[in-house]
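K.L.:
Need a 3D model of the sequence below.
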Amino acid sequence: MVAERELEQDFEARYDAVCKRVLSHKAILARIMQGCLAEYQDCEPDEIAEKYIEGKPQVADAPVLPLIQGLSSNDTSPEEGAVSYDVLFQSLLPNSQERVHLIINLEAQNAWNPGYSLLQRGVYYCSRLLSAQYGREFTHSQYGQLKKVYSIWICMNPPKKFKNTISRYYLQEENLVGLARESRTNYDLLSVVRICLGAEDGENYQGILKMLNVLFSMQKKPGGKVADFV
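P.N.:
Numbering: from 1, shown residues only. Next comes the predicted model:
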C-alpha cells in the first residue's frame, strides 16, 4: 500500500512538472491568451507568440533566470513568505502607442478545493504580482507605472456544474451617487481567469477548452508531445 501511494505521488509530481513545461510553450500560451484575455481576442495565435510574448516564460521547477527587469517565477517577501508561480511571463499590449506590458501568471491545478477557494488564491497572486513591482517597475509614489496583472487558473477536476466553463473576475466601476466615469486604465489592474476543463460529451467542449483537455490527456500517454498538437 505504501509503495503504491509513493508511486502515485511520484507520477503526480512528474505529471505536474510536465504540465507546467507544456504550458510554458509560447504556442500554447498564445492560444490561451487569445481565448481568455480581451486584449488579445482579435490577434492570431502566431502573432501573439512571435510579436507580443517577451522573453522566455519562467517555470517554477526550472532554475530561476532573469526575465525582463528582474521578473522571476519565485516571489519572496520576508513578511509574506515565498510564492512559486507555475508559469510567469510578460507580454506587450497590442495596439498600444507605447511599449506597455502585461504580467501574466498561469497555474495548473488538480485539486478543486484544497481547503480554500482557488479564486481567493488567484486574487492573492495578483496582489503579490502588483506589490512585487515596487522597486522593479516603479519607486516612491510612481503608481502610474504599475503593469496590469493576470492570474489564469486551469482546473483539471472541477465539479460538474463548472465543467467546460471559463470565467473572469476583475475590478469594475460602480457609481453609487451620480455618474462619473473614470478612465478604465486607472483601475483595471488585475484579473483572475478560471478555466474549468470537462469532457468531450459536455456542453461548450470546443476552442481553448477542447485544446487543453486533449493536450493534458496526451501528456498522460507514452510519447505524448506538445509538437504533436501545435
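K.L.:
Doesn't Ile195 belong to a strand?
P.N.:
Yes - applying DSSP: H, G, I helix; E, B strand; the rest coil, one finds Ile195 inside a strand.
K.L.:
Now for it, how many residues are close by?
P.N.:
As a burial measure, Ile195 scores 23 neighbours (other CB atoms under 10 Å). Yep, even glycine has a C-beta here, placed from its N, CA and C like the rest.
K.L.:
tell me the contacts of it?
P.N.:
By CB atoms under 8 Å, 6 or more residues apart in numbering, the contact set of Ile195 is Ile32, Cys36, Ile152, Trp153, Ile154, Cys155, Ile166, Ile208, Leu209, Leu212.
K.L.:
Out of these, list just those in strands.
P.N.:
Ile152, Trp153, Ile154, Cys155, Ile166 (DSSP state E).
K.L.:
Per-residue confidence, the second one, what does it come out as?
P.N.:
With respect to pLDDT, Trp153 scores 97.
K.L.:
Roughly how far does it sit from Leu179?
P.N.:
Trp153 is 35 Å from Leu179, where distance means CB to CB, to the nearest Å.
K.L.:
again with the first one
P.N.:
Between Ile152 and Leu179 the distance is 33 Å, computed by CB to CB.
K.L.:
hmm, back to that, ok, the ones in strands among the contacts of Ile195 vs Ala111, which is closest?
P.N.:
Cys155 (8.9 Å; CB to CB).
K.L.:
what sits against the residue nearest to the closest one when sequence neighbours are not counted?
P.N.:
Leaving aside its sequence neighbours, Cys155 sits nearest to Cys196 (CB to CB, 6 or more residues apart in numbering; 4.8 Å). Contact partners of Cys196, counting by CB under 8 Å, 6+ apart, are Cys155, Pro158, Phe162, Lys163, Asn164, Thr165, Ile166, Ser167.
K.L.:
how about a cut-off of 6 Å?
P.N.:
Residues in contact with Cys196 (CB atoms under 6 Å, 6 or more residues apart in numbering) are Cys155, Pro158, Phe162, Lys163, Thr165.
K.L.:
Can you give me the distance of the nearest residue to the last one once chain neighbours are set aside to Gly207?
P.N.:
If the residues on either side of it in the chain are set aside, Thr165 comes closest to Cys196, at 4.8 Å by CB to CB, 6+ apart. In this structure, Cys196 and Gly207 are separated by 13 Å, where distance is defined by CB to CB.
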